[in-house]
Every structure is written in C-alpha cells, then in structure tokens.
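**Student:** coords please:
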Amino acid sequence: MSPAISGSHEGLGLPRPLDGAAFKGILATPDRFGGYARVAMGYRSRGLSEFANGALRRAMMIAPGEPRLLVNAANLWLSSGVIGDPSGVIGDPAHALRKALCLDPNLSAAIERLLLIHKASGDIPGAVRAARWLVGRGLEGRAASFLELAVLASEAGERKRAVQFLNEGIQATVRTGLDPGNLIRAAKRVGGQDAHLRTLRGLLCAAPADPIVARELASTPSLEECREIDQTKAILTRLCLALPFNAVVQNGAGVAQETLGRNRAAFERYARAAVLEPGLSIAIFNVGVRARYAGDFERAGQWFRRALTIAPRDPVYLYNLGHVLLATGHTEQGLILYEERWRSGQRRSHRRAAPDPSFAYPFWDDAATTRDREPILIWGEQGLGDEIWFAGYPARLFPDHPTVLECDPRLVDLFARSRLAARVVPRTDPPHAATRQVARQVAAGSLPLLASTRSRGDVIEAPGGYLKADAARAAIFRDRLASLGHGPTIGVSWRSRKPVASQSFEAPLTFWRPIFEIENAIFVNLQYGVTPTELQRIHDQYGVRLACFEDMDPFHDIDDLAGLVSVLDHIVSIANLNVTLCHGLGRPCHVALRCYQEDWRFQRARSVSPWLPDCHLYWPESASDQSDRWLEVFSRIAGAISDSD
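**Tutor:** Predicted coordinates:
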C-alpha cells in the first residue's frame with residue numbers, strides 16, 4: 001500500500017522541485033517508485049542530500065525489492081555521506097550493493113560501485129574479486145574490468161599480470177568499439193610511456209584509421225624519447241597514408257622523422273601539417289625549429305611569430321623567439337623573452353626562479369626601494385660554461401652591495417681568487433648557510449637583462465678578463481710546455497657533452513687536418529674525456545703527438561684547466577666550456593661553429609660577438625655538407641693562426 005500523499009509537493013514533505021515534471025509524475029502515479037527515484041536524483045545533483053534521502057526512502061517503501069534503488073542509495077551515501085535507510089536495513093553502501101547483487105547478480109552498476117569501494121578502502125583482494133565478477137557481465141563490462149584488474153595488478157607490483165590484463169582490455173575495447181580513452185589512460189598508469197605507446201600501436205593495428213588513437217599517438221609529448229621509435233615511426237608513416245589530411249598525424253610523423261635524424265622529411269611533414277591546419281601552432285613552431293637548425297634564423301623568427309599569433313602566451317614559443325632575437329643581435333627584446341626559460345622548461349638548472357623558486361627571497365628589482373648595501377644572493381644556473389660567462393656581471397652591477405655567489409663546487413676556488421663576489425660558496429643540498437644571510441636574490445642568467453635595462457637598451461660588451469688563474473699552476477704549465485720544444489702552443493678541443501643528448505656534438509678529428517698541419521706547432525689537449533683511441537688516431541692520421549698532462553683532469557679540475565689555458569699561445573675549440581673560460585681569462589680563442597649553435601652568445605654571421613669580444617668566430621661559409629663545412633672552417637682558422645705568428 002502506498003504512503004498517503006496530498007496534491008502538492010509540500011504535501012509530499014519535499015521542497016520545491018528541480019524538475020516539475022517529475023513531481024507531476026508522482027501526483028499522477030503515486031504508487032510507482034520511479035518518480036521518487038528521479039526526484040531524489042534531482043535533489044542529489046543540487047547538493048540537497050537530506051531531501052534526496054527522503055525521496056529515496058519513499059521509493060524504497062514502495063519497491064523494497066528493487067535492486068537499482070539500493071544502488072542509488074549507495075551512490076547517495078558515497079557522494080554525501082547520507083545513508084539511504086536510517087532504519088539500518090541497508091546499513092552502509094557496501095551492504096546495499098551486496099544486497100542489490102543478491103536480487104540481481106547481473107547488475108553491472110552495483111559491481112562497479114562495489115569495486116570502487118573496495119579500492120578506496122584498501123581492500124585490494126575485494127576489488128580484484130569485484131573486477132573478476134565484472135568480467136562475466138558482457139563485452140562492455142569485460143573491457144572495464146580488465147582495465148581495473150591491470151591497474152590493481154600494477155599497483156600490487158605484478159607487472160606481468162598487469163600487462164596480460166591490459167592486453168585483454170585492448171581486445172575487449174576493439175571488439176566493442178568503445179571509446180579508447182579509458183584504455184589509453186590505464187596503459188599510462190600500468191606501464192608508463194612505453195606501455196602507452198604499445199597500447200596505441202595495438203589499437204591502430206586493429207583500427208588503422210581511428211582518428212582518436214592516431215591523434216593521441218601523433219601528439220605524444222615524449223615521442224622522441226620512445227625506445228621503440230622505429231616501430232612508432234613506421235606506424236605514423238602508415239597513418240599518414242590512411243589519414244593524409246589529418247594535421248596532427250602529419251606533425252607527429254615529423255617528430256618521428258626528426259628523432260631518426262631525417263630532418264628534410266621532418267620539415268616536409270611539419271610544413272604539410274601547417275598547411276592542412278593553419279591554426280595548429282605546434283606544427284608552425286616545428287617548422288620554425290627546423291629552419292633555425294638549418295641556419296635560417298630570419299625564417300625561424302617568422303614562423304615563431306606566426307605560432308605566437310595563435311598561442312601568444314606559450315612560454316616555449318616565446319623563449320625560442322627570444323633565442324633567435326639574441327642570436328641575430330636584437331638584444332633588448334631577446335633578453336626580455338629569455339626570461340621565459342623558466343616557464344618553458346627548456347633550460348635545465350639546479351636552481352629555479354620559477355614557477356617554484358628554489359629560494360624564498362624577493363628578486364632584485366632596480367625599481368624597488370632597497371636598503372643601502374642590501375646583501376644579495378646570486379646563484380649560477382645551467383651548465384658550467386654558462387656559470388663562468390654569467391659570473392662576470394655581479395661585480396659590475398652590484399659594486400656597493402655585499403654579494404653571495406653560489407656556484408658549481410668546481411668553480412669556487414677560481415671565482416673566489418678572482419673576487420667575483422664578497423663570498424663564493426659551493427652549490428650544495430641543503431644550500432650553504434651563507435645563502436640564508438641575504439635579503440634578495442637574482443638568477444645569474446638574468447644579469448645581462450639587468451645590464452641592458454640600465455644601459456637603456458644600448459648594446460654593451462659583456463665583461464671579460466675577470467678571472468685570475470692560479471699563478472703557481474700557470475708557472476708549472478709554462479715550464480712543462482717549454483720542455484716540449486719551441487714553437488707556438490695550440491690547445492685543441494673538439495667535443496661537447498650536454499645533459500640533453502640531442503644537444504651534444506663534436507667536430508670529428510677527421511676534419512682537423514688544416515689545424516694539425518700548422519708548421520712547428522705544439523698541440524696540447526684541452527678536451528675532457530679524451531680516449532687513447534682518439535690520441536692514436538691523431539698520431540696515425542697527422543703524425544702529431546697531442547700533449548696530454550695525465551695529472552690534469554679538464555672536467556673536474558677547472559683551476560688546473562684555467563692555469564693551462566692562461567699560458568697557451570692559441571686555443572682552437574668548438575663551442576664548449578673552453579670558449580667561455582678563455583673569455584673569462586681575457587684570452588683569445590678561435591671558435592669553430594656549425595650552421596646552428598644552441599648558444600645565442602655566438603651571434604649569427606659575425607666574426608666577433610659583443611657577448612664574447614675576445615673570441616674569433618668562424619661560421620661555415622659554404623652550403624655543402626657538414627664535412628666540407630668543417631674543413632673550410634678549420635682552413636680559415638689555420639690561416640689566421642699562421643698569419644699571426
């Protein structure tokens with residue numbers, strides 16, 4: 001027998017309804033539970049849990065054996081903490097769901113909620129039982145349950161079982177034609193990036209033209225880090241044929257081609273993507289990157305600006321435009337955009353200025369009112385060569401302030417002897433106590449912008465000759481060099497190793513013939529990590545014994561390296577630590593450059609850069625392949641050295 005009701009919602013004991021139609025349904029058929037259940041759902045969606053509870057209780061009084069109402073009661077409890085049956089018939093949501101399953105063992109919604117409750121309470125065996133129960137509830141349920149089982153096995157450390165369940169989930173998803181989004185997310189949780197990519201490839205084998213999966217694969221952020229890039233590239237190539245007008249797929253294929261070193265093919269894919277979808281900023285940006293690597297900085301800047309018209313606040317686009325501007329002599333604007341290095345994530349550093357600063361002090365601001373002689377912390381950033389180059393600015397910019405300069409431990413003695421700051425301390429974790437005795441901070445890489453702002457945008461040369469080598473070490477190396485014979489001493493370095501492998505490069509020793517054929521010269525090794533094989537190759541090819549001081553480590557003992565560099569007649573090097581060390585010591589250096597250099601301080605098409613005024617820059621002049629370029633560059637350097645002696 002149904003409960004007595006009056007002809008209005010007030011008579012039902014419920015507030016004004018969210019859905020008037022539902023209340024009319026109750027008034028028309030007061031003995032049916034469905035109307036009360038719909039009203040309860042409306043109240044629940046509005047956050048009126050108590051009223052939802054009242055409506056649901058009425059529905060359960062009408063149909064106490066309806067399992068779906070028990071699921072609704074459990075949902076209400078889970079979302080708000082209100083128990084659908086205060087009399088204790090239900091008790092808790094897990095009890096309600098089990099009762100619902102006793103009434104209808106095939107009710108998938110009850111099994112799914114029970115699985116979630118077990119997971120939330122840490123009852124992993126119970127969650128596994130629920131997931132296995134769900135496996136038998138039809139194809140759609142099988143797909144979801146296998147994914148849950150994969151995640152549970154992964155969290156339990158059972159990787160092999162997790163992969164098996166994941167593969168079952170792939171098959172069930174393909175057979176049902178379900179949205180693969182849940183499967184893709186589960187793959188990331190189970191096995192990280194590699195499992196994610198394997199899942200995408202598996203889905204594409206079953207549905208080669210699925211645009212959702214294709215876009216996911218092509219837009220994978222770390223595609224270039226995939227260990228199975230060859231297979232991924234092959235799939236993307238097939239996708240380009242299956243989806244020739246999909247810009248995201250074309251752009252992703254470009255990433256794969258670039259990772260494999262096929263730069264021309266990558267450029268063509270990026271350009272096609274930019275034509276197919278003019279609003280796809282990442283494709284436009286990638287075209288600019290390829291133009292920059294080809295040495296065409298003017299076109300690169302144009303493409304970066306175009307990408308910024310679509311995504312004007314993208315820090316990666318802004319930073320890369322700043323890099324181009326600095327390399328082409330547009331100092332003021334370039335330095336402003338260089339500050340985007342923190343948000344872009346394209347510069348690695350032990351310390352950070354943003355978005356989560358390493359130190360809590362306010363940053364130095366010329367416009368801010370500060371106390372006289374306020375102590376300032378200046379911390380080095382990026383690589384060893386960068387720290388050396390930036391270290392010339394503190395004494396120029398803060399002559400009246402006590403400064404604490406934090407740097408790589410290998411540089412402490414050299415910087416302290418050179419009096420670059422009131423205190424020079426090593427970078428440690430936790431930071432040195434001196435870093436806590438300051439009022440403000442500044443990142444070393446921001447010092448050129450501060451200098452430019454104070455000069456009102458005028459181009460000023462970077463400070464040079466600020467380092468002082470250890471006199472005793474320099475004297476020892478001078479005597480050692482004298483013992484090698486008479487003739488000009490030439491230090492050489494041909495390789496650069498970066499934390500990011502793709503940024504490492506070298507000028508192969510095969511192309512150094514013009515240098516090693518300089519008459520009467522004594523050649524000295526400045527290359528860290530030199531191998532016996534390389535030394536033997538130099539001797540076999542050129543008949544030269546490269547002088548190596550075995551008690552000197554050019555990588556770890558920078559003080560020794562500075563002492564040696566300070567007494568050499570000439571230095572020939574690619575763009576690496578030796579160049580900035582020469583700059584700091586005020587020593588000339590002949591720098592062999594590629595068409596594209598990662599470092600903006602080597603300004604494009606200039607023989608001398610204001611950032612490195614003591615260094616002679618040699619850019620390739622020919623448009624031939626890289627081997628001919630190196631030979632041409634080293635020939636010019638050899639001529640310059642011969643003319644000077």
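
**Student:** so how far is R262 from the closest residue to W619 other than its chain neighbours?
**Tutor:** In space, and not counting its chain neighbours, W619 is closest to L593: 5.2 Å by Cβ to Cβ, 6 or more residues apart in numbering. Heads up, the C-betas are built off the backbone N, CA and C, glycines and all. Look at L593 and R262: by Cβ to Cβ, to the nearest Å, they are 24 Å apart.

**Student:** higher neighbour count, these two?
**Tutor:** L593 (18 against 15; other Cβ atoms under 10 Å).

**Student:** Only C-alpha atoms, please: export stretch 437-449 in PDB.
**Tutor:** The C-alpha coordinates for stretch 437-449 follow below in PDB (Å, rounded to 0.1, in the frame of the first residue of the first chain):
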ATOM      1  CA  GLN A 437      72.100  35.600   5.100                       C
ATOM      2  CA  VAL A 438      70.700  37.700   2.300                       C
ATOM      3  CA  ALA A 439      67.800  39.900   1.600                       C
ATOM      4  CA  ARG A 440      67.300  39.500  -2.200                       C
ATOM      5  CA  GLN A 441      68.200  37.100  -4.900                       C
ATOM      6  CA  VAL A 442      68.900  37.100  -8.600                       C
ATOM      7  CA  ALA A 443      69.400  34.300 -11.100                       C
ATOM      8  CA  ALA A 444      72.800  34.700 -12.900                       C
ATOM      9  CA  GLY A 445      71.100  34.300 -16.300                       C
ATOM     10  CA  SER A 446      69.000  37.400 -15.600                       C
ATOM     11  CA  LEU A 447      72.100  39.700 -15.100                       C
ATOM     12  CA  PRO A 448      72.500  40.500 -18.800                       C
ATOM     13  CA  LEU A 449      68.900  41.800 -18.900                       C
END
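
**Student:** Could you pull out the buried residues of it?
**Tutor:** By neighbour count with 16 or more other Cβ atoms under 10 Å, stretch 437-449 contains the buried residues V438, A439, R440, Q441, V442, A443, A444, G445, S446, L447, P448, L449.

**Student:** Quick check, the residue nearest to W619 in contact with C615.
**Tutor:** No - counting by Cβ atoms under 8 Å, no contact exists between L593 and C615, whose distance comes to 10.4 Å.

**Student:** picking that back up, so which of the buried residues of stretch 437-449 is the closest to E387?
**Tutor:** A444 (6.7 Å; Cβ to Cβ).

**Student:** Ramachandran angles for the closest one?
**Tutor:** phi -60, psi -30 (degrees, to the nearest 10).

**Student:** Correct me if wrong: it contacts L377.
**Tutor:** No - contact between A444 and L377 fails when scored by Cβ under 8 Å: they sit 10.5 Å apart.

**Student:** pLDDT weak spots in the stretch 201-350 of the chain?
**Tutor:** 201-239, 241-242 (pLDDT under 70).

**Student:** ranges for the helices of it?
**Tutor:** Using DSSP state H, counting those that start in this stretch, the helices of the stretch 201-350 of the chain run over 211-218, 229-242, 247-259, 263-276, 281-293, 297-310, 315-327, 331-338, 341-344.

**Student:** hey, which of the ones you listed is tucked in deepest?
**Tutor:** Each of the helices of the stretch 201-350 of the chain was scored by mean neighbour count; the highest is helix 247-259, a mean of 25, by mean count of other Cβ atoms under 10 Å.

**Student:** which strands and helices sit next to that one?
**Tutor:** If contacts are counted by 3 or more Cβ pairs under 8 Å, 6 or more residues apart in numbering; DSSP states H and E, helix 247-259 sits against helix 211-218, helix 229-242, helix 263-276, helix 281-293.

**Student:** Just the CA trace of that helix, in PDB.
**Tutor:** Once non-C-alpha atoms are left out, helix 247-259 reads as follows in PDB (Å, rounded to 0.1, in the frame of the first residue of the first chain):
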ATOM      1  CA  ALA A 247      47.400  17.700 -39.400                       C
ATOM      2  CA  VAL A 248      48.100  16.200 -36.000                       C
ATOM      3  CA  VAL A 249      49.200  12.900 -37.500                       C
ATOM      4  CA  GLN A 250      51.400  14.700 -40.100                       C
ATOM      5  CA  ASN A 251      53.000  16.700 -37.300                       C
ATOM      6  CA  GLY A 252      53.600  13.500 -35.200                       C
ATOM      7  CA  ALA A 253      55.200  11.800 -38.200                       C
ATOM      8  CA  GLY A 254      57.500  14.800 -38.400                       C
ATOM      9  CA  VAL A 255      58.600  14.300 -34.800                       C
ATOM     10  CA  ALA A 256      59.400  10.600 -35.500                       C
ATOM     11  CA  GLN A 257      61.400  11.500 -38.600                       C
ATOM     12  CA  GLU A 258      63.300  14.200 -36.800                       C
ATOM     13  CA  THR A 259      64.100  11.800 -34.000                       C
END
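
**Student:** how about the strands in the stretch 301-450 of the chain?
**Tutor:** For the stretch 301-450 of the chain, the strands defined by DSSP state E, counting those that start in this stretch cover 376-379, 403-407, 423-426, 440-443.

**Student:** Please identify the deepest-packed of these.
**Tutor:** Counting by mean count of other Cβ under 10 Å, strand 376-379 has the highest mean neighbour count of the strands of the stretch 301-450 of the chain, with a mean of 26.

**Student:** what's in contact with it?
**Tutor:** 351, 358-359, 361, 364, 394, 398, 401-407, 421, 427, 435, 438-444, 447 (Cβ atoms under 8 Å, 6 or more residues apart in numbering).

**Student:** swap the cut-off to 6 Å and go again
**Tutor:** 351, 394, 398, 401, 403-406, 435, 438, 440-442, 444 (Cβ atoms under 6 Å, 6 or more residues apart in numbering).

**Student:** Who are the packing partners of the helix or strand encompassing A474?
**Tutor:** Per DSSP states H and E: A474 is located in helix 471-482. If contacts are counted by 3 or more Cβ pairs under 6 Å, 6 or more residues apart in numbering; DSSP states H and E, helix 471-482 sits against helix 558-565.

**Student:** May I have the helix it packs on exported as PDB, CA atoms only?
**Tutor:** The C-alpha trace of helix 558-565 is given here as PDB (Å, rounded to 0.1, in the frame of the first residue of the first chain):
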ATOM      1  CA  ILE A 558      88.800  23.700 -13.600                       C
ATOM      2  CA  ASP A 559      91.500  25.600 -11.800                       C
ATOM      3  CA  ASP A 560      94.200  23.400 -13.500                       C
ATOM      4  CA  LEU A 561      92.400  24.000 -16.800                       C
ATOM      5  CA  ALA A 562      92.400  27.700 -16.300                       C
ATOM      6  CA  GLY A 563      96.100  27.700 -15.500                       C
ATOM      7  CA  LEU A 564      96.900  25.800 -18.700                       C
ATOM      8  CA  VAL A 565      94.700  28.000 -20.900                       C
END
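
**Student:** Name the surrounding residues that touch that helix.
**Tutor:** Contacts of helix 558-565 (Cβ under 6 Å, 6+ apart): R410, L411, D413, L414, A469, D470, R473, A474, F477, M552, P554, L581.

**Student:** and which of the contacts of strand 376-379 is nearest to V255?
**Tutor:** Of all the contacts of strand 376-379, V255 sits closest to R351, with 30.5 Å by Cβ to Cβ.

**Student:** Surely that closest one is in contact with P357?
**Tutor:** No - between R351 and P357 there is no contact, the gap being 8.4 Å when judged by Cβ atoms under 6 Å.

**Student:** dump the residue contacts of the closest residue to R306 other than its chain neighbours.
**Tutor:** Using Cβ to Cβ, 6+ apart and skipping residues adjacent in sequence, the residue nearest R306 is I284, 5.2 Å away. Contacts for I284 were tallied using Cβ under 6 Å, 6+ apart; they are A274, W303, R306, A307.
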